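>>> what's the 3D shape of this:
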Amino acid sequence: MDTLNPAEAHNLRTRKAVNLPYFDNLLKLLHEGNAAVAQGFGRHVHWGYWENPHQADATGADFAEAAENLSQEICRAGQINNGLRVLDVGCGFGGTIAHINEHDTGMQLTGLNLDSRQLQRARTQVVPRSGNRIEFVEGDACKLPFADHSFDVVLAVECIFHFPDRESFFREARRVLKPGGMLALSVSVQPYHIARLMGA
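Residues are numbered from 1 along each chain as shown. As a prediction, the model looks like this:
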């Protein structure tokens, strides 16, 4: 009987622990070709940012615009500019990586996610612009598979409520950041019934 090495055993336990009914439903709707879902959540899986929430109309186009707005705000908070190494933890379908790729050059962009299905979609959707490098990595936000001082910026967009141990994530983010690096994150506070749907 073959035995697993410790890394393989950890990955197997992690995969078995993935329970994200929101993404199960979202991926099913995308697979079925739901146009409204594809428009609103086919690139980004976060809810987004509305400068004037009372004007939101809950259409696919509205959610898509709000998601791009949030990517812009998180990039501003992380002081993202040309020539940086950026890690997007909980990268979903790669929407924030795509946003950076379209606006900055000389970038080394890494998206990390626990769910291989989301990464598979990200890899098919996000193509590096000339001068940029993009990599999508399957891994645990609380046990980042990167060397110390690897990144100039770490991002976490509406994802830390999924993490089982936020303290471990912050410790890991600090470890992989270069001295003087930036951590930028946004947190979505959901009503109980939405949080249950999201697997929080």
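>>> longest helix of this structure?
Ranked by residue count and defined by DSSP state H, the top helix of the chain is helix 60-77.
>>> Residues contacting it, please?
35-41, 43-44, 46-51, 56, 95-96, 99-100, 103, 155, 157-158, 182, 184-186 (Cβ atoms under 8 Å, 6 or more residues apart in numbering). Every C-beta, even on glycine, is put in place using the N, C-alpha and C of the backbone.
>>> elements contacting the longest strand along the chain?
Ranked by number of residues, the top strand in the chain under DSSP state E is strand 177-186. Contact partners of strand 177-186 among helices and strands, from 3 or more Cβ pairs under 8 Å, 6 or more residues apart in numbering; DSSP states H and E: helix 60-77, strand 151-157, helix 166-176.
>>> Go again with 7 Å.
Counting contacts by 3 or more Cβ pairs under 7 Å, 6 or more residues apart in numbering; DSSP states H and E, strand 177-186 is packed against helix 60-77, strand 151-157.
>>> Can you check what angle separates that strand from helix 60-77?
For strand 177-186 against helix 60-77, the angle by axes from the mean of the first three to the mean of the last three Cα atoms, to 10 degrees is 150 degrees.
>>> in strand 177-186, what counts as buried?
177, 181, 182, 183, 184, 185, 186 (16 or more other Cβ atoms under 10 Å).
>>> Out of the helices and strands packed on strand 177-186, which gets nearest to residue 131?
strand 151-157 (16.3 Å; Cβ to Cβ).
>>> Can you spell out which helices and strands pack onto that closest one?
helix 60-77, strand 85-89, helix 166-176, strand 177-186.
>>> ok, now with 6 Å
Contacts defined by 3 or more Cβ pairs under 6 Å, 6 or more residues apart in numbering; DSSP states H and E place strand 151-157 against strand 85-89, strand 177-186.
>>> Let's have those in CSV, adding mean pLDDT.
Shown next, in CSV, are the helices and strands packed on strand 151-157 (pLDDT from 0 to 100):
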stretch, mean pLDDT
strand 85-89, 97
strand 177-186, 96
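>>> Spatially, which residue comes closest to residue 139, not counting chain neighbours?
Using Cβ to Cβ, 6 or more residues apart in numbering and skipping the chain neighbours, the partner closest in space to residue 139 is residue 145 (4.4 Å).
>>> Specify the local secondary structure of the one you found.
coil (DSSP: H, G, I helix; E, B strand; the rest coil).
>>> Okay, it and residue 90: tell me how far apart.
For residue 145, the distance to residue 90 equals 14 Å [Cβ to Cβ, to the nearest Å].
>>> Can you tell me which of the helices and strands packed on strand 177-186 is packed in deepest?
Highest mean neighbour count among the helices and strands packed on strand 177-186 (mean count of other Cβ atoms under 10 Å): strand 151-157, with a mean of 25.
>>> for that one, the distance to its chain's centre please.
10 Å (Cα atoms, centre = their mean, to the nearest Å).
>>> Starting from it, tell me which strands it pairs with and how they run.
strand 85-89 (parallel), strand 177-186 (parallel) (DSSP bridges).
>>> ok, residues contacting it?
46, 74, 78, 80, 84-90, 96, 173, 176-178, 181-186 (Cβ atoms under 6 Å, 6 or more residues apart in numbering).
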